[in-house]
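>>> sequence plus predicted model, see below.
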Amino acid sequence: MSPVAHVAWIVLILATLYICYFHNLGAIGLVGPDEPRYAWIARDMAESGDWVTPRLYGKPWFEKPILYYWGAALSFKVFGVTEAAARFPSALAELFATFAMAWLAWRTYGAETARWLLLLLPTTVGMIGFSHAAATDMPFAGMLSIAMVFAAIVVGLVGDQDSPILLCTRWLALLFFGFFLGLAVLAKGPAAIILSGGAVLLWAVFTKRWRDAFRCLHPVAIASFCLTALPWYLLCARRNPNFLRIFIIEHNFKRYLTPEFQHIQPFWFYVPIVLVSFVPWTLLVLWSLPYGLNSQWKRRTSSPAFFLLTYALFCLVFFSASKSKLPGYILPAIPPIGMLLARAYVVLSKRREKSLRWFLSGFAILALPAGILLLWIGRHLLTSPTSAEAIVVVGCVVLAFALANLLLSIKEHLKNIPVAPVCVLPVLLLLMLFDQISLPWLHWDPSGRTLATELQVAKIPTDQIYVASMKRGQQYSLSFYLHREIPTWDSAQSREGWLLVHSRSCSVFVKSPAACAKKPVELGQSGWFLYRVQQTDLVSSLGGLSNFSGLSGSGNWNSANRQPR
């Protein structure tokens, strides 16, 4: 390539990695049941100095191991307690996993495959979404993916086929394989051992290279793994006698073998999840699948891509057999499939250029009119502003994905610079415009950030706040932002305080001898109502809530007065 092409590739790759993994990390508050709880534990760890026992609301909490909490606690100390700091460990782990896969692609297939991996993998929905999640899924998938890259070196798939791997390289590979596998166990538990071991054994079954597979059990790898993973487990078990029972039995074996945690899904659940995870490149995955499988099967004894294929396949089968299924479980399979996707595009776009062009451009030809139609419907037919905005956003997303696939199908060059790599620009543009795109879908803040801010402005004592009919994810989030566990209102117990409800129906939750004030404080930005609850004989003395008249007159939430979340 020319120097200009080199610079263009570097700029495009760096922009892609930053925008996809680190841009808008704090765009929304901590959402769902997991993010605020994990962030709470990390903040407590940073504040208390106890780096061994995870604690939620002051009590030991052993649902997940320690790696994410360490990363987030250090991030809080460096960057402060923010949403971006809570999500930074996931983004960083994802970046490391991408670099590891790119190195393997460059070392085995050349620079072109590595460049395309650095563009296609980060721009997938799965990688973007989980890099912006304060959860254990991405650290687990990232560390495990790096471990499998070193496993490919250990089994002899990286290097010249006519000569053995250099002794120093092999020893380093063994050392780092054990180290990153240990980090994966610290991220989510013994599933890392099952996934890596099962993938290597499945590869050995297909290739008959049993001797190479058992190199992964070298004493150097085992020692490195034990020194990395075991110290925290032993120390935590010593301080907390019930740790191993709760973590291993209840949150690993029971989660996998029983439907106790209520995450029941059909066996084929992860097939559509994987396809959705690779949007907007799902069509490319489907187009390259039959050709790639046939090609890799023929070269299975020496192909690093086939090694990664068995790893992804084992992850898919293993989690499909689980009685408890969540979308994030399948994340370890995404990076290796991303490398296979990049390799398939580089090879097959040259051998089957016409087929690729017709397949992707055909989708674009169908999707572009659909996107334009959605824009027209949103602008001219719908009378509801919120629905119209939502339809317009969907139309813009459809147009962006159609344009991305159309550009990907172009093989021409402009002044020695290929046109196809700019296919990522529509995706990057959508991410940069996230605040505008999210307006119709996040009409109310789904986290507890906005609500907590309104309560703090009103100077409501946090030890007197209760909630009713609030989703548990938002309740956990509110507790995080108020730095105190906010309990659910119990109508069977008479008490005084402030009750948060989502409608003007306070009396449904409050029973005699307690009663609600007639006039609530309207929290217009979050859409909640705050009622003062007192004993019946004191209600008459409440009067109006004049101290909060400024809040009660704030009006309803709309896009014009929406505050950044």
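Arrived safely. These figures come from a predicted structure and were not determined experimentally. Residues are numbered from 1 along each chain as shown.
>>> which parts of the stretch 1-150 of the chain are helices?
3-21, 35-48, 67-79, 83-109, 111-120, 125-131, 137-154 (DSSP state H, counting those that start in this stretch).
>>> out of these, which gets nearest to residue 529?
Nearest of those to residue 529, taken as Cβ to Cβ: helix 35-48 at 22.1 Å. For the C-beta atoms, the positions are set from N, CA and C on the backbone; glycine is no exception.
>>> what's the burial count for residue 212?
By the criterion of other Cβ atoms under 10 Å, residue 212 has 17 neighbours.
>>> no no, residue 347
Neighbour tally, residue 347, other Cβ under 10 Å: 18.
>>> residue 419 versus that one, what's the distance?
19 Å (Cβ to Cβ, to the nearest Å).
>>> please name the nearest non-neighbouring residue to the residue nearest the centre of the chain.
Nearest to the mean C-alpha position of the chain, by Cα atoms, centre = their mean, lies residue 130 at 1.5 Å. Spatial nearest neighbour of residue 130, chain neighbours left out: residue 138 (4.7 Å); criterion: Cβ to Cβ, 6 or more residues apart in numbering.
>>> which ones are touching the one you found?
89-91, 93-94, 130-131, 331 (Cβ atoms under 8 Å, 6 or more residues apart in numbering).
>>> helix, strand, or coil at the residue nearest to residue 258 when sequence neighbours are not counted?
Of all residues not flanking residue 258 in the chain, residue 323 sits nearest, at 5.5 Å (Cβ to Cβ, 6+ apart). When classified by DSSP: H, G, I helix; E, B strand; the rest coil, residue 323 comes out as coil.
>>> count the neighbours of residue 323 for me.
15.
>>> that one contacts residue 253, doesn't it?
No. Counting by Cβ atoms under 8 Å, residue 323 does not reach residue 253; the two are 10.6 Å apart.
>>> helices or strands up against the biggest strand by length in the chain?
Of all segments of type strand in the chain, defined using DSSP state E, the longest is strand 528-535. Applying 3 or more Cβ pairs under 8 Å, 6 or more residues apart in numbering; DSSP states H and E, one finds that strand 528-535 makes contact with helix 449-457, strand 497-501, strand 514-516, strand 521-523.
>>> buried stuff in that strand?
For strand 528-535, burial by neighbour count (16 or more other Cβ atoms under 10 Å) applies to 528-534.
>>> where are the low-confidence patches of the stretch 451-565 of the chain?
Applying pLDDT under 70 to the stretch 451-565 of the chain flags the ranges 494, 537-565.
>>> repeat that with 80
491-495, 512, 535-565 (pLDDT under 80).
>>> so what touches stretch 11-21?
91, 94-95, 98, 115, 118-119, 122-123, 127-128, 131, 421-422, 424, 427-428, 431-432.
>>> next, give phi and psi for residue 49.
Backbone torsions of residue 49, given as degrees, to the nearest 10, read phi 80, psi 0.
>>> oh sorry, the question was meant for residue 466
phi -130, psi 160.
>>> including distance to residue 390, could the helices of the stretch 1-150 of the chain go into a markdown table?
Formatted as a markdown table, the helices of the stretch 1-150 of the chain follow (distance: least, Cβ to Cβ, whole Å):
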| stretch | distance to residue 390 |
| --- | --- |
| helix 3-21 | 24 |
| helix 35-48 | 24 |
| helix 67-79 | 33 |
| helix 83-109 | 24 |
| helix 111-120 | 28 |
| helix 125-131 | 18 |
| helix 137-154 | 28 |
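>>> please identify the most buried of those.
The highest mean neighbour count among the helices of the stretch 1-150 of the chain, using mean count of other Cβ atoms under 10 Å, belongs to helix 137-154: a mean of 27.
>>> tally of neighbours for residue 361?
Going by other Cβ under 10 Å, the residues that sit close to residue 361 add up to 17.
>>> and what of the one 3 residues further on?
Residues near residue 364, counting by other Cβ under 10 Å, number 20.
>>> and it, what is it in contact with?
With Cβ under 8 Å, 6+ apart, residue 364 has these contacts: 402-403, 405-406, 409.
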